[in-house]
Each structure stands twice: as structure tokens, then as C-alpha cells.
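Q: sequence plus the predicted model coming up.
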Amino acid sequence: MILPVVEGLSEVQAVPVLLRRLLARLGREDIQIARPFRVSRLKVVRPGELERAILQGSRDRNNLSALLVLLDADDDDPASLEIHLMERCHAATALPAAVIAARREFESWFLGGKDAFRGFRGIRPDANAPPDPESIRGAKERLSRNMAGRSYVEVDDQPAFAERLDLELASQRCASLRRLMAELERIAKDIPLL
């Protein structure tokens with residue numbers, strides 16, 4: 001069982017959906033996803049907070065086999081943030097772990113696969129993915145501008161978009177999504193088959 005550590009309420013719902021889809025692509029439907037542990041982005045980067053989240057999340061969930069931390073890089077360098085948080089994960093747990101910092105925002109991945117959302121949840125039929133979706137600050141607002149008659153609502157739309165995301169298309173355009181896919185494959189190899 002993989003414990004996701006996420007930053008937002010909407011990710012608590014959306015990340016398990018996305019991880020299950022990715023595990024299915026790896027032929028590892030046997031790996032379960034634990035109820036995500038939520039810790040705010042501002043807290044998780046503070047000394048001791050990620051460690052506390054790992055300890056508390058492990059205490060509240062049984063049979064964990066791995067840990068996956070997923071957060072927005074915002075304006076931080078994703079690679080540096082991942083390295084720093086990974087060091088802290090290793091200090092806090094012996095479980096196989098991965099840290100993925102989505103460049104800018106988790107929703108950048110939805111921008112990268114936006115072509116597949118045309119006509120879905122209000123996305124306009126003529127909507128196209130921007131050339132470099134991960135460079136956009138304000139991906140949520142950009143999604144809203146591509147919706148006819150409504151705005152993007154994280155807690156409602158994020159899980160639905162995670163379920164429908166064209167993984168091939170979005171991963172071609174989003175390096176941090178490719179990293180998630182590679183890191184999930186790496187930690188899945190450390191989890192014995194059931």
C-alpha cells in the first residue's frame with residue numbers, strides 16, 4: 001500500500017485516482033493506495049513537518065509499503081525541492097519513497113492534456129493545450145478561462161480530470177508528470193506482488 005502525502009483537499013480525492021490509473025498501466029493493480037495524508041504546502045517545507053506527516057500517516061494507516069509525496073513546486077525549483085524533501089523522507093522512514101514537485105501546479109498536467117477534455121466539464125470544444133503548460137503560473141485560472149459558462153472548482157473538477165486525463169499526451173508535455181510515472185514505477189518494483 002502506498003501512502004500519498006498531498007497538500008490540498010482536492011488532491012486527497014484526485015491523487016488516488018491518478019495513481020490507480022498509473023499503477024494499472026504498470027500492471028500493478030494489486031497495489032493499493034492509502035487514504036492520502038494532507039499537509040499544507042507552507043507546512044511541508046518547514047523542518048519537522050514532513051517528518052511529522054510521515055510519522056502520523058504511517059501510524060494511522062496499516063500495511064504501508066511505500067510513500068509518495070506530491071506537491072506543487074509553485075515558484076521553487078522542482079528538482080531542488082524534490083532532492084531536499086527526499087532527504088527528509090529518507091531520514092523519517094525506511095519505506096521506499098518518492099517526491100514529485102509538479103512544476104508550478106498539479107493543474108498544469110490538466111493543461112497539458114486539455115485537448116482530451118474538449119466538451120468535458122465545460123471545457124470549450126476548441127480548447128488547445130498551451131505549448132509549455134508547466135511554465136504557466138495560474139493553471140487553475142487558465143482552466144477556468146477555457147470553460148464555457150462555469151469556472152474550475154478544484155474539489156469537483158480535479159478528481160474528474162484525473163480520471164479522464166490523457167496520460168500519454170500530458171506526459172509528453174509535462175516533465176513533472178513523466179517524473180511521477182517513472183518514480184511510481186521505481187517504487188512499485190520494491191513492493192512485492194500479492
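A: Perfect, thanks for sending it. Numbers count the residues shown, from 1 in each chain.
Q: by mean pLDDT, point me to the weakest helix or strand of this protein.
A: When each helix and strand of the chain is scored by mean pLDDT, DSSP states H and E, helix 41-44 comes last, with a mean of 90.
Q: list the buried residues for it?
A: V44 (16 or more other Cβ atoms under 10 Å). Placement of C-beta: from N, CA and C, glycine included.
Q: following element in sequence after it, please.
A: helix 49-60 (DSSP states H and E).
Q: now L3. Nearest residue, chain neighbours left out?
A: In space, not counting the residues next to it along the chain, L3 is nearest to A34; the distance is 4.6 Å by Cβ to Cβ, 6 or more residues apart in numbering.
Q: ok, the one you found - contacts?
A: A34 makes contact with 1-4, 57, 61, 64, according to Cβ atoms under 8 Å, 6 or more residues apart in numbering.
Q: relative to D126, how far out is it?
A: If you measure A34 against D126 using Cβ to Cβ, to the nearest Å, the figure is 40 Å.
Q: if we can go back for a sec, just the buried members of the contacts of A34?
A: In those, burial by neighbour count holds for 2-4, 57, 64, counting by 16+ other Cβ under 10 Å.
Q: which helix in the protein runs the most residues?
A: In the chain, with assignment by DSSP state H, the single longest helix is helix 9-25.
Q: can you name every helix or strand that the strand or helix carrying Q172 contacts?
A: Assigned by DSSP H and E, Q172 belongs to helix 167-173. With contacts defined as 3 or more Cβ pairs under 8 Å, 6 or more residues apart in numbering; DSSP states H and E, the secondary structure elements packing on helix 167-173 are helix 9-25, helix 108-112, helix 175-189.
Q: enumerate the positions of it that are buried.
A: Quick answer for helix 167-173 (16+ other Cβ under 10 Å): 167, 170-171, 173.
Q: I'd like those residues as a markdown table, with distance to A79 appended.
A: Compiled in a markdown table, the buried residues of helix 167-173 are given as follows (distance: Cβ to Cβ, whole Å):
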| residue | distance to A79 |
| --- | --- |
| L167 | 22 |
| A170 | 20 |
| S171 | 18 |
| R173 | 18 |
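Q: nearest to L194, of the residues you listed?
A: When those are compared for distance to L194 (Cβ to Cβ), L167 comes out closest, at 23.9 Å.
Q: quick one: residues contacting the closest one.
A: Listed by Cβ under 8 Å, 6+ apart, the contact partners of L167 are 21-22, 25, 113, 177, 181.
Q: run a quick neighbour tally on R35.
A: Counted with other Cβ atoms under 10 Å, the burial measure for R35 works out to 13 neighbours.
Q: hang on, it in a helix?
A: No - counting by DSSP: H, G, I helix; E, B strand; the rest coil, R35 falls outside a helix, being coil.
Q: what average pLDDT does the helix or strand hosting S144 get?
A: S144 is located in helix 139-145, with elements delineated by DSSP H and E. The average pLDDT for helix 139-145 rounds to 94.
Q: residues contacting the helix or strand that it is followed by, please?
A: Per DSSP H and E, the first helix or strand lying C-terminal to helix 139-145 is helix 154-164. Here helix 154-164 makes contact (Cβ under 8 Å, 6+ apart) with 8-11, 13-15, 17-18, 21, 106-107, 110, 116-117, 120-121, 140, 143.
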